[in-house]
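Engineer: Sequence and predicted model, in that order:
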Amino acid sequence: HAPLTRAQAQSFDRDGFLVLHDLFSPAEVVSLQQESQKLRDNGTALPEQDVITEPGSDEVRTIFRLGDHNVLFDRLARDSRIAGRVQWLLDDDLYLHQSRLNYKPGFTGKEFYWHSDFETWHAEDGMPRMRAISASVLLTDNSALNGPLMLMPGSQRRFIACAGETPDNNHTTSLKKQDIGVPSNDALARMGDECGIEYASGKAGTVILFDCNTLHGSNGNITPFPRSNAFFVYNAWSNRVAEPFAAKAPRPEFLCQRDPKAPIAIATGALA
């Protein structure tokens, strides 16, 4: 039987995102939180390019290639409760275009500005079509207050080009703070009026699926409560990347898996 209800599938098609609660047991969530903490504590032992720190500090903001650095997160990326649903929505085999652990500390966590992922993935990575879905697995409770993911429902149906040209090696600064490659204020105001803005909240273990062209962002976090999530980008196997469509050279491998050897082998059963 289908892994999503008809109402869920229609909701994803209409809004460009879907929030799934209670997919994982409390024990599984605790295991993921413990492994996440270990990864952050050992950030200096990981390859330098895979670890991004907060602007102006050594606090770990992002760890890329999550599955390469941790067995449990590799297993999570292949779990039928996430990858199985994405596979059904895309009606194709999958591979991981990108994976990362995002951490937004309490008090000082910076915002992620409004953007649609597809423009970067198309222009700089060479992703041909809008056939990718991101999964954000919440590792901490996300409320309206601690900088949750915000999305514009229905925005996936419109391609909003960004203002200006993207400079060479834009990723070297945009991963810390995104100023370039974001839509203009006028475009965002227009889309906000048309679509409205919703935020995705839930307890740790909640999964948010969203289309690669859905406009999204998040506010800074000045609460005492950190916000953390594991993030997996699934691309359809038939949509594997080619040469960049609007950049001199592709982004590095940690941002874009360029040569996957085989589709993801989806796994079932408890994580640990």
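Structural biologist: Looks like it came in fine.
Engineer: so where do the strands sit in the stretch 1-150 of the chain?
Structural biologist: Secondary structure of the stretch 1-150 of the chain (DSSP state E, counting those that start in this stretch): strands at 17-20, 51-53, 60-64, 94-104, 112-115, 132-138, 149-151.
Engineer: can you list the ones you listed in a markdown table and add mean neighbour count and mean pLDDT?
Structural biologist: The way it works is simple: take the backbone N, C-alpha and C, and place the C-beta from them, glycine included. Below are those laid out as a markdown table (neighbours: other CB atoms under 10 Å; pLDDT from 0 to 100):
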| stretch | mean neighbour count | mean pLDDT |
| --- | --- | --- |
| strand 17-20 | 22 | 98 |
| strand 51-53 | 18 | 88 |
| strand 60-64 | 22 | 89 |
| strand 94-104 | 23 | 94 |
| strand 112-115 | 19 | 90 |
| strand 132-138 | 24 | 98 |
| strand 149-151 | 23 | 97 |
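Engineer: JSON lines for those strands, including distance to Tyr199?
Structural biologist: Output for the strands of the stretch 1-150 of the chain, formatted as JSON lines (distance: least, CB to CB, whole Å):
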{"stretch": "strand 17-20", "distance to Tyr199": "10"}
{"stretch": "strand 51-53", "distance to Tyr199": "24"}
{"stretch": "strand 60-64", "distance to Tyr199": "20"}
{"stretch": "strand 94-104", "distance to Tyr199": "14"}
{"stretch": "strand 112-115", "distance to Tyr199": "13"}
{"stretch": "strand 132-138", "distance to Tyr199": "12"}
{"stretch": "strand 149-151", "distance to Tyr199": "5"}
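Engineer: spatially speaking, which residue is in the middle of this protein?
Structural biologist: For the chain, the residue nearest the mean C-alpha position is Phe231 (4.4 Å; CA atoms, centre = their mean).
Engineer: Hmm, Ser134 and it touching each other?
Structural biologist: Yes. The pair Phe231 / Ser134 is scored as a contact, 6.6 Å apart, by CB atoms under 8 Å.
Engineer: longest single helix anywhere in this structure?
Structural biologist: helix 26-41 (DSSP state H).
Engineer: what sits up against it?
Structural biologist: Contacting residues not belonging to helix 26-41 are listed as 24, 46, 60, 63, 66, 69-70, 72-73, 76, 101, 103, 137, 139-140, 204-205, 228, 230, 270-272 [CB atoms under 8 Å, 6 or more residues apart in numbering].
Engineer: Ok, stretch 49-69 next?
Structural biologist: Taking CB under 8 Å, 6+ apart as the rule, stretch 49-69 contacts 39-40, 43-44, 46, 73-74, 77, 96, 98-105, 108-110, 175-177, 230-232, 252, 254-255.
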